[in-house]
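Q: my questions are about this predicted structure, shown below with the sequence.
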Amino acid sequence: MRWYGVVVDIEDRKRAEESLRQSQSDLAHVTRMTATGELAVSIAHEVNQPLMAIVTNAGTCLRWLQPGHTDLEQARVAAERIVRDGHRAGDIITSIRAMAQKLPARIELTDFKPAVREVLDLLTGELQRRGIELSLDMAATPIEVVGDRTQLQQVVLNLVMNSAEAMTASSTAKHINIRCAMEEQLVSVSVSDTGRGVAIHELERVFEAFYSTKADGIGMGLSICRSIVEAHGGRIWASLGRTGTGPYLRSRCQWRRALSSMIDDRKRGQPTVIVIDDDESVREALRGLFQSVGLVAETHGSVAEFLAADDPDRAGCIVLDIRLPGQSGLEFQEALAKSRHPRSVVLISAHVDVAMAVRAMKAGAIDVLTKPVREQDLLEAVNRALASDSARREEARQTAALRLMYSKLTERERQIMALVVAGKLNKQIAAEVQLAEATVKLHRGHMMRKMQASSVADLVRIAGILKG
């Protein structure tokens, strides 16, 4: 019996594929920057509007505060308008920055509705300048999708601008209709316009790279749309139709909705400040304080009451009274620190001695505060607790992801990973495992890609996390 083996070096092919993906990403970024540049005048107008409102409202507020003309209620209303318009201007700048940044794809759960509205806010001035009427039809409920928010926004931007450019020479009423809907397990987005349309035989080609029906078009906008949609597991196509006002062209794309379990996970991920105190007036006062600064809060009168309703996977922190009926706050904090689901805890009590504070800090308390607590001190402690909880959960997620990657390695790849981490060279590894050096290189390349390690130093870091 004879055995034959073949070793194929696919490193060059993998590098070519990675280079292609990088080129596609770079081209998409260039397209976003080009579109942003073309919209500069309209964007400046959109930013100038809230700035104008801020200046006007500031002047109004000052007038209502002048001696002899004082009206605090009117001044408060004007100040609230300043805050609102300031946030509006900030939101516009944030949208522009997100579109302009060159970042790797970030696949996450997101609500598609505000993402679409951000794009349309940027385009409002440009569409008005072109004399185009826009209508938007979106479901009343959130449209949850899993994907890269900026890339999905680029699809909408490219489709709307393609429609706008198609109506440049139109003498009829210019109208763009955008419809976003949920169809079973799919999110469907369609953009239709009243431009001149395209020939039927060209419908299949409009999403090809460098193919354009416009004289001055470069044929990349719709091609990038197709690449992004297909990368999200969807499809995109164009169709012709006719209404009472004439023909229209519709571009439509679909991709999968987020599963309900993913949505539940995100809701669980909203940080909650949990107050455990046996005094009802204290509980209600702290709930009101935390809600006044935009935090989600819930209250419980005892440890037992909290445990009966707790979801251990929920993000957040606990503000815990030390003196409680049944299990004390200190005992509960120490038990939490040793459990599989530790929490960030801020302890409060009317009587705190040095021994008590030392015991609490040794068990990992973020802070120990004495009642009555200064609002600022408590809020700062809670913010530190939430940051600590977020960091711990992120570390746990990264560790879980690395363990999953490691579980997908073959026994040989795990063996070679251990030797690489130990500082062995390929030649030394080949001698130790009795394989050809070329075969070791092949296994090592597979292992590095599976573990998403960019260097030996990165692999050593990963190994340290897995060992811990």
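A: Structure's in. What do you need? Computed from a prediction, not measured in an experiment: that's the story for all the values here. Residues are numbered from 1 along each chain as shown.
Q: count the neighbours of the nearest residue to residue 193 once chain neighbours are set aside for me.
A: In space, and not counting its chain neighbours, residue 193 is closest to residue 163: 3.6 Å by CB to CB, 6 or more residues apart in numbering. Any C-beta I mention is one placed from the backbone N, CA and C, and that applies to glycine too. Neighbour count for residue 163, taken as other CB atoms under 10 Å: 26.
Q: tell me which element residue 163 falls in.
A: helix 149-166 (DSSP states H and E).
Q: past that helix, which element shows up next along the chain?
A: Trace forward from helix 149-166 with DSSP H and E and the next one is strand 175-183.
Q: tabulate the CA atom coordinates of that next one in CSV.
A: Only the C-alpha atoms of strand 175-183 are listed here, as CSV (Å, rounded to 0.1, in the frame of the first residue of the first chain):
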residue,chain,number,x,y,z
HIS,A,175,-40.4,62.7,-6.9
ILE,A,176,-38.5,60.1,-4.9
ASN,A,177,-40.3,57.5,-2.8
ILE,A,178,-38.5,55.5,-0.1
ARG,A,179,-40.2,52.5,1.5
CYS,A,180,-38.7,50.5,4.3
ALA,A,181,-40.7,47.5,5.5
MET,A,182,-40.4,44.2,7.3
GLU,A,183,-41.5,41.2,5.2
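Q: skipping its backbone neighbours, what lies nearest residue 180 in space?
A: Closest to residue 180 by CB to CB, 6+ apart is residue 138, at 4.5 Å.
Q: list the buried ones in the strand or helix carrying residue 124?
A: Counting by DSSP H and E, the element that carries residue 124 is helix 112-129. Using 16 or more other CB atoms under 10 Å as the test for burial, helix 112-129 gives 112, 113, 115, 116, 118, 119, 120, 122, 123, 125, 126, 127.
Q: in these, find the pair that's most separated.
A: 112 and 125 (22.9 Å; CB to CB).
Q: any low-confidence regions in the stretch 251-400 of the chain?
A: Where the stretch 251-400 of the chain drops to pLDDT under 70, the residues are 251-252, 254-269.
Q: hey, where'd the strands end up in it?
A: 272-276, 296-300, 316-321, 344-349, 367-370 (DSSP state E, counting those that start in this stretch).
Q: what are the buried residues along the second one?
A: The reference is to strand 296-300. Those buried within strand 296-300 under the rule 16+ other CB under 10 Å are 297, 298, 299, 300.
Q: identify, from the residues you listed, the entry nearest to residue 381.
A: After measuring these against residue 381 - CB to CB - the closest member comes out as residue 297, at 14.4 Å.
Q: go ahead and confirm the closest one touches residue 271.
A: No. If you go by CB atoms under 8 Å, residue 297 and residue 271 don't touch, sitting 10.2 Å apart.
Q: circling back to that earlier point, send over the helix holding residue 163 as CSV, restricted to the C-alpha atoms.
A: Listed next in CSV are the C-alpha coordinates belonging to helix 149-166 (Å, rounded to 0.1, in the frame of the first residue of the first chain):
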residue,chain,number,x,y,z
ARG,A,149,-24.5,50.9,10.1
THR,A,150,-22.3,53.1,8.0
GLN,A,151,-22.3,50.6,5.1
LEU,A,152,-26.1,50.3,5.2
GLN,A,153,-26.4,54.1,5.2
GLN,A,154,-24.2,54.2,2.2
VAL,A,155,-26.6,51.9,0.3
VAL,A,156,-29.4,54.4,1.0
LEU,A,157,-27.2,57.4,0.1
ASN,A,158,-26.1,55.9,-3.2
LEU,A,159,-29.7,54.8,-4.2
VAL,A,160,-31.2,58.2,-3.4
MET,A,161,-28.4,60.2,-5.1
ASN,A,162,-28.7,57.9,-8.1
SER,A,163,-32.4,58.7,-8.4
ALA,A,164,-31.8,62.4,-7.9
GLU,A,165,-29.2,62.4,-10.7
ALA,A,166,-31.5,60.4,-13.0
